[in-house]
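*Asks:* Attaching a predicted model along with its sequence, questions to come.
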Amino acid sequence: MKNQIYYLARNEYSNFIFNCKDNYYIVEIDGKDINEKEDFFKIMWEKFKLPMYENQTRFSWDSYLDWMRDLTWIKEDKIVLIIYNYNNFMNKEQNIKREIIDDYESCILPFWEKDVKKIVVDGKPRRFNVYLID
């Protein structure tokens, strides 16, 4: 099982159809709606049902990464994040856009692929893929 990020054109995406009966937790977001870091955090907290953030006035990068490597409340074995209109995603903060993708590549996806077994007692790997669609 290799967790990864897929960069796809919208017409290529039709080959990746997910059946919810196959134990997938699917999060779909529209990149046109996410221009800044706070927009991203807000929608991720909502879509992934992350526990409330500490002071409820701003989101924390560290707490986001911690919760994305927890997800114990999500019962499905496979997780999919789909960002439509990826070219428009984080258009006001391109440096943050790259940081988000880097965190998935170096932190979140490897954690769910193999590191969870080393870090969490009885931790079980999960399939977690990200689809960036334009």
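*Replies:* The structure has been received and is ready for your questions. Numbering: from 1, shown residues only.
*Asks:* Show the subsequent helix or strand relative to the helix or strand of the chain with the lowest mean pLDDT.
*Replies:* Every helix and strand in the chain was compared by mean pLDDT, DSSP states H and E; the lowest is helix 10-13, with a mean of 77. Per DSSP states H and E, helix 10-13 leads on to strand 24-30 as the next helix or strand towards the C-terminus.
*Asks:* List the contacts of that next one.
*Replies:* Strand 24-30 has contacts (C-beta atoms under 8 Å, 6 or more residues apart in numbering) with 18, 20, 43, 47-48, 74-76, 78-85. All C-beta atoms are positioned from the backbone trio N, CA, C, and that covers glycine.
*Asks:* With stretch 107-117 instead?
*Replies:* Residues contacting stretch 107-117 (C-beta under 8 Å, 6+ apart): 1-5, 65, 68-69, 79, 119, 123-130.
*Asks:* what does stretch 65-72 give?
*Replies:* 44, 48, 50-51, 79, 103, 107-108, 111-112, 116, 126.
*Asks:* Could you tell me which of those residues count as buried?
*Replies:* 44, 48, 50, 79, 108, 111-112, 116, 126 (16 or more other C-beta atoms under 10 Å).
*Asks:* quick check, nearest of the residues you listed to M90?
*Replies:* M44 (12.3 Å; C-beta to C-beta).
*Asks:* And the pLDDT for that closest one?
*Replies:* Per-residue pLDDT puts M44 at 94.
*Asks:* Pull the contacting residues for it.
*Replies:* 50, 64, 68.
*Asks:* which one among these gets closest to N35?
*Replies:* Nearest to N35 among the contacts of M44, with distances taken as C-beta to C-beta, is Y64, at 17.3 Å.
*Asks:* Tell me which residues touch the residue nearest the centre of the chain, please.
*Replies:* Centroid check for the chain by C-alpha atoms, centre = their mean gives L81 as the closest residue, at 4.8 Å. Listed by C-beta under 8 Å, 6+ apart, the contact partners of L81 are 27, 29, 104, 128-131.
*Asks:* Of these - the most surrounded one?
*Replies:* When the contacts of L81 are compared by neighbour count (other C-beta atoms under 10 Å), F128 ends up highest, at 23 neighbours.
*Asks:* about what we covered before: may I see the buried residues of the least confident helix or strand of the chain?
*Replies:* Quick answer for helix 10-13 (16+ other C-beta under 10 Å): Y13.
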